[in-house]
Each structure stands twice: as C-alpha cells, then as structure tokens.
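Enquirer: Pasting a predicted model and its sequence here:
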There are 2 protein chains.
Amino acid sequence: MGSQEARQPLLPTSSNTVGKRLIDIPRSKRRLRRTKSAPHADSPHTEITCTGNVPDTGPVPRSGLIFGNIHPSFRRAALVLIIYLGIGTLCFYLVRYQIKGEKTNGIVDAIYFTIVTMTTVGYGDLVPNSPSTKLLACAFVFTGMALVGLILSNAADYLVEKQEILLFKAFHRQQNGHCDIRKEIDTNKARNKCIVVFLILLLFIISGTAFLVFLEKLDFIDAFYCVCSTITTLGYGDKSFSTRWGRLFAIFWILISTITLAQFFLSIAELNTERRQKSLVKWVLCKKVTDLDLEVADLDDDGVVGAAEFVIYKLKEMGKITEDDIAPVLKEFENLDVDQSGTLSKSDITLAQLS
Amino acid sequence: MGSQEARQPLLPTSSNTVGKRLIDIPRSKRRLRRTKSAPHADSPHTEITCTGNVPDTGPVPRSGLIFGNIHPSFRRAALVLIIYLGIGTLCFYLVRYQIKGEKTNGIVDAIYFTIVTMTTVGYGDLVPNSPSTKLLACAFVFTGMALVGLILSNAADYLVEKQEILLFKAFHRQQNGHCDIRKEIDTNKARNKCIVVFLILLLFIISGTAFLVFLEKLDFIDAFYCVCSTITTLGYGDKSFSTRWGRLFAIFWILISTITLAQFFLSIAELNTERRQKSLVKWVLCKKVTDLDLEVADLDDDGVVGAAEFVIYKLKEMGKITEDDIAPVLKEFENLDVDQSGTLSKSDITLAQLS
C-alpha cells in the first residue's frame, strides 16, 4: 500500500485528544482518510481551483464543462429553444390569415404567438381560427411545456449560479479573495439561490410594469395586473401587449420572466428540503449511541464497529442511502472476496484474475 | 452481542460457493447482514407486510401513515385546498359585480373563477373589472401556484400509487398473491407510474372532449382544442365552459386534469433520472476492481478493504453519497471512539458515559 504522500489524515492529529487517550494501539489503525479518487456526482463546486483569479465575467467552471465557456446543457436547451421558435414562427407566419385578433407585424406576431403559446400564457388576443391551426396550437403547447421543463431543469441553474457570483462579488468586494465568496456561496447555497432568483424576478416585474405604463399607456394597476397575469402564465387576456414594439419586448420578457417565477418556486422548495435534511442530519449525529446501535451497525459481525460501518449506519438513519443501495454492492463484494476472508486484499484481486 | 435469531445472513450460504473456497477462516468473519433497525427514509414500500391480504379498496400503507386510512400529506394538501377554495369563492362572490363576462350562477361562477385563476388557465371569459379585484386576482394566482406545487409534491403520488395497485390487480388477477404484484410494481416503479398517469390523463382528455361535445354543443375539433388549451393551462379563452352545468363540471375537471398533466411530465423526468441512475449503478458494479481501487477504498488504512469500506467506496462512485455526507459522521465517530482503537465497542460507550 504505497503512495503515503497522497493521503491526508481526515481526523485531527492525536495531539488535540491526548487527554482522552487511554489505550495505546498502533497508529495505522486510527487514521481515516478521504477516498480521493472517487467521483462526486452532485457537488459541481468541488472542482473549482482556489487560485484567487477566477475570471470576472466568465461563467463558473463546472464538472462536465466541455465546449469552451458555455455549459453544454445550457447550449442544448438554447439550441432546442431556437429550433422550436424557428419552426413555430414559420408555421404561424404561414397560417397568419387563419389567426384572428389584433394584428401588428406578421413575423413579430408569429413569434409572439409562439411564445405566448409555449409558455402557456395564452392571452387570447390572437387565437387560431381554423381546425388545422387549432390542432397546430395544441401540438405546440404540449411540446412547449416539455421544452420549458427542459430549460428549467438544465439551463436556469447555470444562469442563477453566474448571477450569484456577480452579486456576491458586488456585495463583498472588500473581502480577501474569491475563495471566501465561493465558500460562503456553497454553505448557504439554497438560501442564496432563493434571494438571487427573487431579486431577478423583482427586476422583471418592475421592468415589465414600467414598459406597460410608458409604452403601452396602461395605468399603473392595469400594468401590474398584466405583469402578474403574465409571469404566472394566467393570461386572462383583457390586458396584453398590443403594439409592435410591445410585442417585440414581450417575446423576450415573457419567456424569461415566466421561467424565473417557476425557478423561484423551485428554489423555495429546494430550500425547504435542504433545511429539513440539515436538521435531520444534526439530529442523527447528536443522538446518543447505545449498545443496541453498535449491535445493529456491526455489518460484518466481528463484535466491534469500524469507521466505515458507523458511516453506513448513520447515513441509513439520515435516509441518504437505503438497504436497496447497499445490497447489490455487498453481493459484488462477496463475489470479489474469493478467499472468503471477509476483507478484500491484493490476493483476492490476483485470485479473481486467475479464475 | 445477543439476539442471534434476529439476524439474517445477507450473503448466500457457503454451500453455493464451495468451489471457490480456498482459505478457511472462522465463519463469524464472513457473515454480513442487514442493519434491521435503521430507518429507510425514501423507500415507503419496505414496511408493507406480505401477508397476502392487502385490503382491496383501501390505500397502501406507507411509513408515516398516522391518521387511519388517509395519508397525512394528502390530508394536509386537501385541507389547504379547501381553505383556499373557500376563501376564493367568498371573495369573488362578494365582488361579483366587479367581474365582467358571461355570468351564470353567482356561487358556481365564483368557484369556477377561483379554479381557473388558481390553475393559471385564465380563459378570460370572466375578468376582474376594478383595481381592487385585479389586485385580488394577482394575490390568488400567486398563492394558487404555490398550492398546486404543494399538491403535486405531496398528494399526487399517493393517488397514483393507489391507482397503480388497482390497475395491476386487474391485469394480473391470475398471479399468486399480492406480494408478486407489489414486487413487480417496485421493480419498474417509474415506468409504471408513467403508464398509469398517461392512462388517467387520456381518460380526462376523452371525458372532457365528450362533455364539451354533448353538453356545451361544441364541434369535435373545438372541444379537443378547448381540452388541450385547458389541461396545459394555456386558456386562450375563445372556447370555454359557458353554461352553469359546464362550469360545475369544469370546477373538478380543470383542477384534476391540469395536475395530472403536470404529474405526467414529472413522471417522465423521473423515469429518465431512474434509467440514468440504474445504468450508472450497473457500470460502477461491473467495473473491474484494481489494486488502486483497494488502496483508495481502504478508509482505516489497515491494508485490507472490509465490506463496509467497499460499500462506501462504491456508493461514492455511484454519486449516491459525497465526501460532505461522510465527513461529519467520521468526526462523530472519532468523538465516540474514546479509547482510540479505530473501532467502537461497548467499552467506548461505557467510557463516554463516564466522562
């Protein structure tokens, strides 16, 4: 078992615990360490290098980032969105005489109608007026919902994360280095996400209301009412964007603001989950360990509980892993343990290669 | 270490593996078993007793079931929904003269308007016509969205699960006992859920279309178009429920069908996640174990890898747990290991109680 220099002791060195030390045993028995090379599928931040020179405007490097500066899932979502909007615009432009309602510019109306349909706002200021157009709209709203789901699950996180760093940089410019910011963002991830999404949402509500008051000449209450009715995708349709410039603005504004509101609700749900999870972890860790716990945690039945057995027992109590996760791995372990010693050693590997 | 009868050996008995057995070691070393008393937070089915007499019409018993036959999260969601609809109906009934559009019965219209607003369908056949009513509608659509989220996350699963069992019973009546059904449902949980939700959705689309054709006298295309426009919460509003009986039907139909469609999209997403997770688990388990793997997995640095260490290493590779989950538990372990032996035994517990 070479490469000692690659290992870091995980527990504090024995100097802090000298007072407690009652029985002397070989030092190698007490050293627990991190399994360095195992991948960490859901902690994208662990790969960020803390060199203090993260580029100011570039996106955050994450695991899975392949194509230069743009996150691949964001690229995919953007690509699908562009294709969807392209086909939608073409279709609804071609059937524009079978759509009734207030018309402005043919192409603007077609994009606007596609966006209003895709986001399920559905004002009703433009409505399909022939059987084929109605069926086309049905097809577009179903695929649109799926697409919004794709964008929500893939790309929104990326945007929020980028925004988060910019925001924290602005607030904490005096602090020493980017690593502190990064660390602080990680600690309160869900809470910060909520705040950031809420601030973005507020910005969209204000900008939308201002636009409707100054350019569409609505009074303040009507403008706010139209904004709320739009971002929630309610879309009664008694107030909507009726000028060419209004609809051009609406194309971008509706798409981003509806997704931001959905993201806001999602981040609140995430925050709740994280809080519950954190308090459960705390409770499980603080719970007094009894003789019975030891007996149950003793996976290999040797009368004592090792560090790894203890970790598995506690993670099960926290609900992070279940018996169903463990069973197939234990089966694999038994297959590998050719000499049936209850442990895997180099001789098992050699025996497995021979057989 | 008493109560041997409560323990079940997890691995097959040595009789199946006699051929492989090369080195003889004490039997107690080789027995790995399930840690029976640790709770399993996210496997609701593990507590179902396989007695073969699950009641035919009753709901599935799940962990956390407290109040008789109804799941508490379902009760909570239903309660919040009833309060919301009650307040909504009262408010919009009181301001009914400040709402313009096609009116039928005062109370039916108030409930109908509350549902159409809450689900963000927003036909626009009834719209608020005064500043205070507009602000009221804004408040109701935001809280309505949050409520739909609550219902989706809490109660829908329960309904689907119940439906699943009924459906599988109908299809597999010839099979021996309920345990087989339960097992089969567990194995393809996400796929079955997709199918069940899709069938329910289809039922709602057909019933809604039929209702609009026969009672609201729409032609077939218009009825189908109105159904699609409603369940997706698009709600253009050129076709909607305009009679008293139509709106009474719509109250229930809109609420359930919109939630079912959202649930359908969610279950597809779940299916994708499960498939990806399953193939990752398979890949991690089939991967050849090398000497380097052993070295990295050896948490307590004793030169061999025990079953528990192997489980932790593999679960980390699968991304089910991360270093952040393990670190606090290891810290707790070190605190408990008073005699610093690298293992927890009854003497540690006694020493901890003394200090």
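Expert: Alright, I've got the coordinates. Residues are numbered from 1 along each chain as shown, chains lettered A, B, ... in the order given.

Enquirer: Strands along the stretch 1-150 of chain A, start to end?
Expert: A:99-101, A:126-128 (DSSP state E, counting those that start in this stretch).

Enquirer: how about the ones you listed, which one is nearest chain B?
Expert: Nearest to chain B, of all those, is strand A:126-128, at 4.4 Å by C-beta to the nearest C-beta. C-beta coordinates here come from the backbone N, C-alpha and C atoms, glycine included.

Enquirer: Identify the residues contacting stretch A:143-154?
Expert: A:73-74, A:76-77, A:80-81, A:84, A:117-120, A:258-259, A:262-263, A:266, B:232, B:261, B:265, B:269 (C-beta atoms under 8 Å, 6 or more residues apart in numbering or on different chains).

Enquirer: now those residues: which count as buried?
Expert: The neighbour-count test (16 or more other C-beta atoms under 10 Å in any protein chain shown) applied to the contacts of stretch A:143-154 identifies A:73-74, A:77, A:80-81, A:84, A:117-120, A:258-259, A:262-263, A:266, B:232, B:261, B:269 as buried.

Enquirer: Narrow these to those in helices?
Expert: Among the buried ones among the contacts of stretch A:143-154, the ones falling in helices (DSSP state H) are A:73-74, A:77, A:80-81, A:84, A:117-118, A:258-259, A:262-263, A:266, B:261, B:269.

Enquirer: does A:Gln263 really touch A:Val197, like I thought?
Expert: Yes - counting by C-beta atoms under 8 Å, A:Gln263 does reach A:Val197; the two are 5.3 Å apart.

Enquirer: Pick the most deeply packed of the strands of the stretch 1-150 of chain A.
Expert: Burial of the strands of the stretch 1-150 of chain A is given as mean neighbour count (mean count of other C-beta atoms under 10 Å in any protein chain shown); strand A:126-128 ranks first at a mean of 24.

Enquirer: where does chain A have its least confident helix or strand?
Expert: helix A:178-187 (a mean of 54; mean pLDDT, DSSP states H and E).

Enquirer: sorry, back to before: can you redo the strands of the stretch 1-150 of chain A as TSV with distance to B:Thr89 and mean pLDDT?
Expert: Formatted as TSV, these follow (distance: least, C-beta to C-beta, whole Å; pLDDT from 0 to 100):
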stretch	distance to B:Thr89	mean pLDDT
strand A:99-101	32	90
strand A:126-128	29	92
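
Enquirer: before we move on, back to that, helix or strand right after the least confident helix or strand of chain A?
Expert: Next helix or strand after helix A:178-187 toward the C-terminus (DSSP states H and E): helix A:189-214.

Enquirer: Quick one: distance of that next one to the chain centre.
Expert: Remark: helix A:189-214 is offset 19 Å from the chain centroid, using C-alpha atoms, centre = their mean, to the nearest Å.

Enquirer: and it, what does it pack onto?
Expert: Using 3 or more C-beta pairs under 8 Å, 6 or more residues apart in numbering or on different chains; DSSP states H and E, the elements in contact with helix A:189-214 are helix A:156-171, helix A:220-231, helix A:244-286.

Enquirer: Just the C-alphas of the shortest one, formatted as PDB.
Expert: What follows is helix A:220-231, C-alpha atoms only, in PDB (Å, rounded to 0.1, in the frame of the first residue of the first chain):
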ATOM      1  CA  PHE A 220     -50.200  51.500 -13.000                       C
ATOM      2  CA  ILE A 221     -52.700  49.000 -11.600                       C
ATOM      3  CA  ASP A 222     -53.500  47.600 -15.000                       C
ATOM      4  CA  ALA A 223     -49.800  47.300 -15.900                       C
ATOM      5  CA  PHE A 224     -49.000  45.500 -12.600                       C
ATOM      6  CA  TYR A 225     -52.100  43.300 -13.100                       C
ATOM      7  CA  CYS A 226     -51.000  42.400 -16.700                       C
ATOM      8  CA  VAL A 227     -47.500  41.600 -15.400                       C
ATOM      9  CA  CYS A 228     -48.800  39.300 -12.700                       C
ATOM     10  CA  SER A 229     -51.200  37.700 -15.100                       C
ATOM     11  CA  THR A 230     -48.300  37.100 -17.500                       C
ATOM     12  CA  ILE A 231     -45.500  35.800 -15.300                       C
END
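
Enquirer: Output the contacting helices and strands for that helix.
Expert: In terms of contacts (3+ C-beta pairs under 8 Å, 6+ apart), helix A:220-231 is packed against helix A:189-214, helix A:244-286, helix B:131-154.

Enquirer: Where does pLDDT dip in the stretch 51-200 of chain A?
Expert: Where the stretch 51-200 of chain A drops to pLDDT under 70, the residues are A:51-71, A:155-187.

Enquirer: Please repeat the previous calculation with a cut-off of 80.
Expert: The stretch 51-200 of chain A contains residues with pLDDT under 80 at A:51-74, A:152-190.

Enquirer: Show me which residues of it sit near chain B.
Expert: Contact residues, the stretch 51-200 of chain A versus chain B (C-beta under 8 Å from any C-beta of the partner chain): A:117, A:120-124, A:127-128, A:131, A:134-135, A:137-138, A:141-142, A:145-146, A:149, A:153.

Enquirer: one more time with 10 Å
Expert: Counting by C-beta under 10 Å from any C-beta of the partner chain, the stretch 51-200 of chain A comes close to chain B at A:100-101, A:116-135, A:137-142, A:144-146, A:148-150, A:152-153, A:186.

Enquirer: on that earlier part again, nearest to B:Gly237 among the helices and strands packed on helix A:189-214 would be which one?
Expert: Smallest distance to B:Gly237 across the helices and strands packed on helix A:189-214 (C-beta to C-beta): 12.1 Å, for helix A:220-231.

Enquirer: for stretch A:283-290, which positions count as buried?
Expert: For stretch A:283-290, using 16+ other C-beta under 10 Å, the buried residues are A:Val284, A:Val289.

Enquirer: Kindly apply the preceding question to stretch A:126-137 instead.
Expert: Applying 16+ other C-beta under 10 Å to stretch A:126-137 flags A:Leu126, A:Val127, A:Pro128, A:Thr133, A:Lys134, A:Leu136, A:Ala137 as buried.

Enquirer: now swap in stretch A:205-215 and tell me
Expert: Going by neighbour count (16+ other C-beta under 10 Å), the buried part of stretch A:205-215 is A:Ile205, A:Gly208, A:Thr209, A:Phe211, A:Leu212.

Enquirer: same check, this time on stretch A:88-106
Expert: Neighbour counts over stretch A:88-106 (16+ other C-beta under 10 Å) mark A:Gly88, A:Thr89, A:Cys91, A:Phe92, A:Tyr93, A:Val95, A:Arg96, A:Ile99, A:Gly101, A:Thr104 as buried.

Enquirer: Can you give me the end-to-end span of it?
Expert: Distance across stretch A:88-106, first residue to last, is 13 Å (C-alpha to C-alpha, to the nearest Å).

Enquirer: Skipping adjacent residues, who's closest to A:Arg96 in space?
Expert: Excluding the flanking residues, the one nearest A:Arg96 by C-beta to C-beta, 6 or more residues apart in numbering or on different chains is A:Gly106, at 5.5 Å.

Enquirer: Then A:Ser207?
Expert: The shortest distance from A:Ser207 to any non-neighbouring residue, by C-beta to C-beta, 6+ apart, is to A:Trp253 (7.3 Å).

Enquirer: Isn't the one you found up against A:Ile206?
Expert: No - judged on C-beta atoms under 10 Å, A:Trp253 makes no contact with A:Ile206 at a distance of 11.6 Å.
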